[in-house]
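Chemist: Sharing a sequence plus its predicted fold:
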Amino acid sequence: MPEPIDQLRETVRERYAAAALAVGHGETAQDCCGSECCATGAIDLDENFGASLYAAGDRDQLPIAAVAASLGCGNPTAVADLRAGETVLDLGSGGGIDVLLSARRVGPTGKAYGLDMTTEMLALARANAAKAGAANVEFLYGTMESIPLPDNAIDVVISNCVINLSTDKPAVFAEMARVLVPGGRIGISDVVAEDTLSPAQRAERGDYVGCIAGALSFTEYRDNLAAAGFGEIEITPTHSVADGMVSAIVKAVKPAPETPCCGPSCCE
């Protein structure tokens, strides 16, 4: 029998709190979306999850605790095409690796926000930002189903293997659309299931906290994004994480309103 929604969320929070504490205490956390993914010394790299999915040059620029706490299934900063001066929001920012990399890409005239519901991860991320000397970052406490930012405030939303953990994914997509400016875009890494796999079959391949059981199918992902108003939807598989399940790059755009026609020649 499936766990109640509130219990699932608390299970997720507890697992990631433990991962943050393990990194902060110099220990090794298990089962955080990949084996040995939270070490703080010589980092053991999992080929499907975590720090191995970032270029060595990116890893070397950051505090080791930010790299060690990377639990994702991709590198959204590599596909989001971030530009100087943009404002970026990372959903489920964890130890802060994607926020810190985004802050470097958008430069001093831009800003990178991180959102997380785990106070232990937020403490770790803020410590990592201080070590990195990142002045253009801010970490927020909250959930991705109710983002504590105003409408039309963000140019780019990124996320790394976190949306699959939500128990209310339509709310997440609606919130992404709300906070994005018209013409804003998303660049997400997430686990996606083949359309042939039922929810029960996905659960057989891994648990919810392990980033497997809660994954949407390709069609479900497209339909949810479209229902939230997104266009130009692209879902590109990158590597397998379980039988019939892949890490994928998800891109989409919040359409900008059409420019009014104000002259006799502009509406031909």
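Modeler: Cool, the structure landed. Every value quoted in this text rests on a predicted model; they were computed, and no experiment measured them.

Chemist: For the spatially closest residue to Asp207 that is not a sequence neighbour, which three-state class applies?
Modeler: Nearest residue to Asp207, sequence neighbours excluded (CB to CB, 6 or more residues apart in numbering): Ala213, at 5.5 Å. The way it works is simple: take the backbone N, C-alpha and C, and place the C-beta from them, glycine included. With DSSP: H, G, I helix; E, B strand; the rest coil as the basis, Ala213 sits in coil.

Chemist: residues contacting Ala213?
Modeler: If a contact means CB atoms under 8 Å, 6 or more residues apart in numbering, then Ala213 has 199, 202-203, 205-207 as its contacts.

Chemist: Tell me the spacing between it and Gln201.
Modeler: 10 Å (CB to CB, to the nearest Å).

Chemist: remind me which residues of the stretch 51-200 of the chain are low pLDDT?
Modeler: Within the stretch 51-200 of the chain, the set of residues satisfying pLDDT under 70 comprises 51-75.

Chemist: can you map out the helices along it?
Modeler: 56-60, 64-68, 97-106, 119-132, 169-179, 199-204 (DSSP state H, counting those that start in this stretch).

Chemist: Pick the most deeply packed of the ones you listed.
Modeler: When you average the neighbours per residue for each of the helices of the stretch 51-200 of the chain (mean count of other CB atoms under 10 Å), helix 97-106 leads with a mean of 26.

Chemist: tell me what it is packed against?
Modeler: helix 64-68, strand 87-91, strand 111-116, helix 119-132, strand 137-141, strand 154-160 (3 or more CB pairs under 8 Å, 6 or more residues apart in numbering; DSSP states H and E).

Chemist: tell me the angle the longest one makes with strand 137-141.
Modeler: It refers to helix 119-132. Angle of helix 119-132 versus strand 137-141, following axes from the mean of the first three to the mean of the last three CA atoms, to 10 degrees, is 170 degrees.

Chemist: Also the second one?
Modeler: Inter-element angle recorded for strand 87-91 and strand 137-141: 40 degrees (by the same axes, to 10 degrees).

Chemist: now for strand 87-91, which elements pack on it?
Modeler: helix 97-106, strand 111-116, strand 154-160, helix 169-179.

Chemist: closest to Ser146 out of the ones you listed?
Modeler: In terms of CB to CB, the element of those nearest to Ser146 is helix 169-179, at 6.7 Å.

Chemist: Run through who's touching the closest one.
Modeler: 89, 91, 144-147, 149-154, 157, 163, 166, 186, 216, 224-225, 227-230, 254.

Chemist: cutoff 7 Å now
Modeler: 89, 144-147, 149, 151, 153-154, 157, 163, 166, 186, 216, 224-225, 227-230, 254 (CB atoms under 7 Å, 6 or more residues apart in numbering).

Chemist: Show me which of the residues you listed are buried.
Modeler: By neighbour count, with 16 or more other CB atoms under 10 Å, the contacts of helix 169-179 hold 89, 144-145, 147, 149, 154, 157, 163, 166, 186, 216, 224-225, 228, 230, 254 as buried.

Chemist: out of those, which are inside strands?
Modeler: Secondary structure assignment (DSSP state E) places 89, 154, 157, 186, 216 from these within strands.

Chemist: from those residues, which two are the most distant?
Modeler: The most widely separated members of those are Ile154 and Leu216, with 22.2 Å between them, by CB to CB.

Chemist: and Arg205, what does it touch?
Modeler: Taking CB under 7 Å, 6+ apart, one finds 212, 242-243, 245 in contact with Arg205.

Chemist: State the distance from it to Asp195.
Modeler: 15 Å.

Chemist: I'd like the contacts of Arg205 written out as JSON lines, with pLDDT, secondary structure and neighbour count added.
Modeler: Converted to JSON lines, the contacts of Arg205 look like this (pLDDT from 0 to 100; DSSP: H, G, I helix; E, B strand; the rest coil; neighbours: other CB atoms under 10 Å):
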{"residue": "Ile212", "pLDDT": "84", "secondary structure": "coil", "neighbour count": "20"}
{"residue": "Ala242", "pLDDT": "91", "secondary structure": "strand", "neighbour count": "18"}
{"residue": "Asp243", "pLDDT": "94", "secondary structure": "coil", "neighbour count": "11"}
{"residue": "Met245", "pLDDT": "93", "secondary structure": "strand", "neighbour count": "23"}
